[in-house]
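**Q** Attaching a predicted model along with its sequence, questions to come.
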Amino acid sequence: MNIEEILLDLLQNNLGWLLLAVVLILVVLKGVKIVPQSEQHVVERFGRLRSVLGPGINLIVPFFDKVAHQISILERQLPTASQDAITRDNVLVQVDTSVFYRIIEPEKTVYRIRDIDNAIATTVAGIVRAEIGMMDLDEVQANRSALITTIKRNVEESVENWGIEVTRAEILDVNLDAATRAAMMQQLNAERARRAQVTEAEGSKRAVELAADAELYASEQTAKARRVLADAEAYATQVVATAINENGLEAAQYQIALKQVEAFGTMSNGQGSNTVIVPSEALAAFGDAFKLLRGRG
């Protein structure tokens, strides 16, 4: 028996085992599915939804079940879209938007919508036009954050049955036509000029107020000084009145005589005064003063 006959005999005896091994390998390949962490697989049996396989090792029925769709569950970004919208005050604007989403229920995404990206983009465009149509241009510019929140919430409600989650919505830019932009620049320049005039007027008003305050302060200080002088004179008068009350008429005559002496002394010390004429009344005053002095001594 030659070698060929030996091999043929071995093949005939082990053919069943070889076929069994091949079948087992096919069963393993068809029945064991390894799903990556970033994906979910949709399994069908005879064309109908059977199950959704998560990340890791999964078992299915070979030759009956098959993986019909391999869906990535990573977050996706729609291409930047531009849509025209008209504000409540009839201004045409072009809004650039971008939306981020991820698939959380692949069976809904696969069987309920054909082109998920275009469907979301169309939904966003309609919502943006509707929301901007209820706002003035100034509100669109000033309340962009609130507008983004509203758009995101409305998009989530609209795509809820598609098995996706909208993670973020962004308004990248709001563009105006040339005529509207020129009108806004004129308005801005006019507002700047108005503010400059208001600032200048407020400065002039403040200067007038400060000047008035200074005059009022000066008047108050003058009045205070006059009050102090009046109080001093009143005090002096009170002292003289007290002296007269205590010492009688002699104290008054004494004070008058002293004042007259001081007055004549001042006249005699003045420049150009070589001769001083003293009336007889002054001499009598001098005498009275000397009498009073001797009386006190």
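**A** In hand now; what should we look at? All of these numbers come straight from a predicted model, not from anything done at the bench.

**Q** Residue ranges in the stretch 101-250 of the chain under the pLDDT threshold?
**A** Along the stretch 101-250 of the chain, segments meeting pLDDT under 70 span 236-237, 239-241, 243-250.

**Q** That one: helices as residue ranges?
**A** Along the stretch 101-250 of the chain, counting by DSSP state H, counting those that start in this stretch, helices occupy 106-112, 116-132, 137-142, 144-158, 178-247, 249-269.

**Q** tell me what the fifth one is packed against?
**A** Going back to what we said before, that points to helix 178-247. Helix 178-247 sits against helix 249-269, with contacts defined as 3 or more CB pairs under 8 Å, 6 or more residues apart in numbering; DSSP states H and E. From N, CA and C alone the C-beta is placed, and that goes for glycine too.

**Q** which strand residues sit across from Arg45 in the sheet?
**A** For Arg45, the beta-bridge partners under DSSP bridges are Arg48, Asp65.

**Q** scratch that, Asp96
**A** Assigned bridge partners for Asp96, using DSSP bridges, are Ser82, Asp173.

**Q** ok, Ala146 to Ile71 distance?
**A** Distance of Ala146 to Ile71, computed by CB to CB, to the nearest Å: 34 Å.

**Q** more crowded one of these two?
**A** Ile71 (17 against 12; other CB atoms under 10 Å).

**Q** ok, for the more buried one, nearest residue in space, not its chain neighbours?
**A** Pro106 (4.0 Å; CB to CB, 6 or more residues apart in numbering).

**Q** Distance of the residue most central in space within the chain relative to Asp136?
**A** By CA atoms, centre = their mean, the chain has its centre lying nearest to Ala142, at 11.1 Å. Here the criterion is CB to CB. By it, Ala142 lies 9 Å from Asp136.

**Q** now Glu165
**A** In terms of CB to CB, Glu165 sits 32 Å off from Asp136.

**Q** Next: Leu49.
**A** 49 Å.

**Q** do Ala68 as well
**A** 50 Å.

**Q** ditto for Ile120
**A** For Ile120, the distance to Asp136 - CB to CB - is 28 Å.

**Q** again, but for Val166
**A** Note on Val166: its distance to Asp136, by CB to CB, is 27 Å.

**Q** between those two, which one's more packed in?
**A** Between Val166 and Asp136, counted using other CB under 10 Å, the more crowded position is Val166 (22 against 15).

**Q** residues touching that one, list them.
**A** Contacts for Val166 (CB atoms under 8 Å, 6 or more residues apart in numbering) come out as Val99, Phe100, Tyr101, Ile120, Lys152, Val155, Glu156, Val159.

**Q** what's the neighbour count on the fifth one?
**A** I take that to be Lys152. 19.

**Q** would Phe100 count as being in a strand?
**A** Yes: looking at Phe100 with DSSP: H, G, I helix; E, B strand; the rest coil, it is inside a strand.

**Q** ok, it - contacts?
**A** Taking CB under 8 Å, 6+ apart, we find Phe100 in contact with Glu75, Arg76, Gln77, Leu78, Val166, Thr167, Arg168, Ala169, Glu170.

**Q** I appreciate the help and will end here.
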